[in-house]
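Enquirer: curious how this folds, go ahead:
(one chain, ligands or ions: 1)
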Amino acid sequence: MNLDNNFENRMKAILGDEYEELQETLSREKVSALRINTLKKCSKGEGQETLNLDKSSKESGIDLPFELSDKEIPWEKCGKVYTGGTPGKHPYHEAGVYYIQEPSAMAPVYFLDPRPGEKILDLCAAPGGKTTQIASKMQGEGILVTNEIDKKRAQILSLNVERCGVKNALVTNMEPGQLSDVFEGYFDKILVDAPCSGEGMFRKNDEAIENWSIDNVKLCADRQKTILDEAIKMLAPGGRLVYSTCTFAPEEDEEASLYIYGKGLKPVEATMFPGMVRGNIEYLKAVRDNLNGLGKTTEDNSLDASIQTENFEMIKSSTIRLFPHKIEGEGHFLCVFQKDGDISLNEGLHGINGKLKAASNSEMKIFDEFAKETFTDETFDLLHVGTPFMFGEQLYLAPIGMPGIKGLKVMRPGLHLGTIKKDRFEPSHALALFLSADMVKRSYDLPSEKPSAMQFIGGQTIREAGKENGWYLMTTDGYSLGWAKYAGGTFKNHYPKGLRIFT
Ligand code: SAM
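Expert: Numbers count the residues shown, from 1 in each chain. Here you go, the predicted structure:
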């Protein structure tokens with residue numbers, strides 16, 4: 001690995017003799033992992049199950065394209081380290097059964113501690129690893145606003161929310177400052193997984209190595225403070241803020257935590273798992289001395305002012321560093337803070353946008369006809385909990401209490417149910433991925449070890465005589481994959497054209 005000299009000198013200044021250990025670790029293979037999506041259930045006989053990798057795949061008769069390691073991810077019980085293979089190429093990936101995410105990246109959500117029913121913001125969310133992790137902890141209850149500033153990345157975020165069967169997410173594509181105009185004091189919990197210089201991802205991402213410079217570290221540190229200003233505005237009194245980066249640069253880590261503290265938030269003690277270490281004010285001093293040595297003395301007096309050992313000692317227990325030579329994973333930093341106040345007063349509060357306008361009776365009549373024919377009674381009722389509303393000719397189900405979307409740049413306002421086309425209803429891919437076989441009257445399974453599951457994902461028509469006409473939820477080993485409409489001996493494939501994978 002060809003690292004910038006300035007980076008190496010800074011890391012030596014921070015880590016001293018330990019730097020060699022880090023360097024040696026960075027020359028090894030990155031750690032690969034995935035997280036089982038607990039929103040995704042399959043129904044086999046009685047009840048529903050999520051994928052259980054602890055039962056060997058052989059025992060369950062399913063041949064998975066990766067080797068599991070026996071290493072645990074202590075902060076995420078659904079996380080699994082794997083040692084080789086291509087989980088991204090299995091039908092389970094398209095079905096949202098798991099999300100590929102390296103272990104350290106799973107830590108911030110542990111400390112955010114999302115719960116069903118809360119109002120949560122993931123401010124810098126694409127491609128969606130942490131959003132889908134938060135969603136799985138919320139189990140469809142509460143409001144998850146997940147935002148990404150970059151339009152293309154917001155589209156990917158929206159697709160990952162769809163793939164993982166998330167029901168209660170409002171996906172937006174906005175600048176933090178625009179979002180805070182609408183959501184001042186609204187959220188119980190906010191995650192700022194900030195854009196950063198990415199030093200912790202050098203093993204995973206060559207671009208992070210190529211783009212590294214001291215100037216970029218400085219640029220990231222300034223941008224993070226601007227984002228934090230807006231996040232703090234949006235946090236309700238008593239609300240929790242988790243700030244995280246995937247960099248070692250103390251200007252973006254310890255410095256940012258001091259900035260949050262300077263804004264009046266209280267540090268929250270974050271319990272450490274073996275291998276995790278606390279942030280360290282000495283790192284900040286070391287890089288400043290290093291900058292002075294390079295003649296790059298910072299003109300920013302606020303940096304000097306904030307390097308106060310007393311302040312940092314007070315917040316130290318709220319900061320955590322994950323170093324690749326100390327844990328199984330890449331480099332990360334996180335810190336946990338809370339706004340003063342009583343969070344229970346935030347329950348049931350609406351933002352300034354008020355409530356959504358529900359779909360009309362005539363629009364709902366078209367959906368209801370489809371729903372009665374397709375879903376079990378229980379699912380029919382479940383799909384009426386919240387506010388069904390029209391967004392163009394698309395029908396969405398917004399979670400209970402979801403704020404109005406006036407003035408927001410929205411990519412996905414809740415669960416997309418489908419399209420109302422004159423007098424008929426066409427179900428959406430998102431709805432298919434949200435459902436499981438026991439929630440519908442008609443389903444058809446394509447076992448993952450046979451070519452047919454990938455052929456369905458590739459858009460092929462499936463032939464079989466003697467089935468009842470109508471919409472079928474197509475599944476693989478019981479996990480929903482998409483829709484097909486059966487008539488005249490064939491299942492017409494409704495897998496979205498833009499998502500098809502040709503094998
Ligand atoms: N949380 C994501 C996940 O787990 O998949 C990763 C987020 S990534 C570290 C940071 C994101 O912040 C990027 O998608 C980037 O486009 C976005 N970003 C860049 N500049 C931003 C800004 N000024 N305000 C908010 N977000 C920004």
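
Enquirer: quick one: check the helix or strand that contains Pro237 for contact with the ligand.
Expert: Element membership for Pro237 (DSSP states H and E) is strand 235-245. No - Strand 235-245 is not in contact with the ligand by CB under 6 Å from any ligand atom; minimum separation 7.4 Å. Placement of C-beta: from N, CA and C, glycine included.

Enquirer: number of residues surrounding Asp193?
Expert: Neighbourhood size, Asp193 [other CB atoms under 10 Å]: 24.

Enquirer: and it, what does it touch?
Expert: Going by CB atoms under 8 Å, 6 or more residues apart in numbering, Asp193 touches 108, 122-125, 130, 244-245.

Enquirer: up against the ligand, what does the chain have?
Expert: So far as CB under 6 Å from any ligand atom goes, the chain lies against the ligand at 105, 124-130, 148-150, 153, 176, 193, 195, 223, 227.

Enquirer: isn't there a helix covering Ile260?
Expert: Yes - residue state for Ile260 (DSSP: H, G, I helix; E, B strand; the rest coil) corresponds to a helix.

Enquirer: sorry, back to before: buried among the residues of the chain next to the ligand? Need that as a selection in ChimeraX.
Expert: Command for ChimeraX that selects the buried part of the residues of the chain next to the ligand, burial taken from 16 or more other CB atoms under 10 Å:
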select :105,124,125,126,127,128,129,130,148,149,153,176,193,195,227
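
Enquirer: any regions of this structure where pLDDT drops low?
Expert: Scanning the chain for pLDDT under 70 picks out the ranges 44-47, 55-61, 296-306.

Enquirer: which residue is nearest the centroid of it?
Expert: Centroid-nearest residue in the chain: Thr131, 2.2 Å away (criterion: CA atoms, centre = their mean).

Enquirer: for that one, what are its contacts?
Expert: Counting by CB under 8 Å, 6+ apart, Thr131 touches 122, 125, 144, 146, 157, 160-161, 166, 169.

Enquirer: before we move on, what SS does it have?
Expert: helix.

Enquirer: now do it against Gln101, distance only.
Expert: 11 Å (CB to CB, to the nearest Å).

Enquirer: for Lys326, give me its contacts.
Expert: The contact partners of Lys326, by CB under 8 Å, 6+ apart, come to 275-277.

Enquirer: for Gly275, what are its contacts?
Expert: Counting by CB under 8 Å, 6+ apart, Gly275 touches 322, 326-328.

Enquirer: give me that answer again for 10 Å
Expert: 74, 322-329 (CB atoms under 10 Å, 6 or more residues apart in numbering).

Enquirer: for those residues, which one is nearest the ligand?
Expert: Nearest to the ligand among those, counting by CB to the nearest ligand atom, is Gly329 at 13.5 Å.

Enquirer: hmm, that closest one is touching Arg321, no?
Expert: No - judged on CB atoms under 10 Å, Gly329 makes no contact with Arg321 at a distance of 11.7 Å.

Enquirer: quick check: neighbours shared by the two?
Expert: Shared contacts of Gly329 and Arg321 (CB under 10 Å, 6+ apart): 104, 200.

Enquirer: show me what the closest residue to Lys467 other than its chain neighbours is bridged to.
Expert: Spatially, and ignoring its direct neighbours in sequence, Lys467 is nearest to Tyr486 (5.0 Å; CB to CB, 6 or more residues apart in numbering). With DSSP bridges as the criterion, Tyr486 is bridged to Gly470, Phe491.

Enquirer: just list the residues touching Tyr486, thanks.
Expert: Per CB under 10 Å, 6+ apart, neighbours of Tyr486: 442, 444, 462, 464, 467-472, 492.

Enquirer: what does Glu162 give?
Expert: For Glu162, the contact set (CB under 10 Å, 6+ apart) comprises 96, 128, 169, 171, 412, 415-416, 428-434, 496, 499.

Enquirer: quick one on the thing from earlier: show me which of the contacts of Lys326 is closest to the ligand.
Expert: Nearest to the ligand among the contacts of Lys326, counting by CB to the nearest ligand atom, is Met276 at 18.5 Å.

Enquirer: just give the number of residues close to that closest one.
Expert: For Met276, the neighbour count with other CB under 10 Å is 20.

Enquirer: just want the residue of the stretch 301-450 of the chain that's nearest the ligand.
Expert: Ranked by CB to the nearest ligand atom, the top residue of the stretch 301-450 of the chain for proximity to the ligand is His332, at 10.1 Å.

Enquirer: what bridges to that residue?
Expert: Beta-bridge pairing of His332 under DSSP bridges involves Leu322.

Enquirer: quick check: Ala256 is in a helix.
Expert: Yes - per three-state DSSP, Ala256 lies within a helix segment.

Enquirer: next one: phi and psi at the spatially closest residue to it that is not a sequence neighbour?
Expert: Using CB to CB, 6+ apart and skipping residues adjacent in sequence, the residue nearest Ala256 is Gln224, 5.3 Å away. Torsion angles at Gln224 (phi, psi; degrees, to the nearest 10) stand at phi -60, psi -40.

Enquirer: quick one: the helices in the stretch 251-400 of the chain, in order.
Expert: Here the stretch 251-400 of the chain has its helices, by DSSP state H, counting those that start in this stretch, at 254-262, 281-293, 301-306, 309-315, 361-374, 377-382.

Enquirer: among the residues of the chain next to the ligand, name the ones in helices.
Expert: The helices, defined by DSSP state H, take in 129-130, 153, 176, 223, 227 from these.

Enquirer: tabulate these in TSV, adding columns for distance to Ala286.
Expert: Formatted as TSV, these follow (distance: CB to CB, whole Å):
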residue	distance to Ala286
Gly129	31
Lys130	29
Arg153	33
Pro176	30
Arg223	23
Ile227	25
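
Enquirer: please save the CA atoms from the strand holding Pro237 in CSV.
Expert: Output in CSV follows, covering the C-alpha atoms of strand 235-245 (Å, rounded to 0.1, in the frame of the first residue of the first chain):
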residue,chain,number,x,y,z
LEU,A,235,-32.3,17.4,17.7
ALA,A,236,-35.2,17.5,20.2
PRO,A,237,-34.5,18.5,23.8
GLY,A,238,-33.3,15.3,25.5
GLY,A,239,-32.4,13.8,22.1
ARG,A,240,-29.3,11.7,21.3
LEU,A,241,-26.6,12.6,18.7
VAL,A,242,-24.1,10.1,17.4
TYR,A,243,-21.3,11.5,15.3
SER,A,244,-19.0,9.1,13.4
THR,A,245,-16.3,9.0,10.8
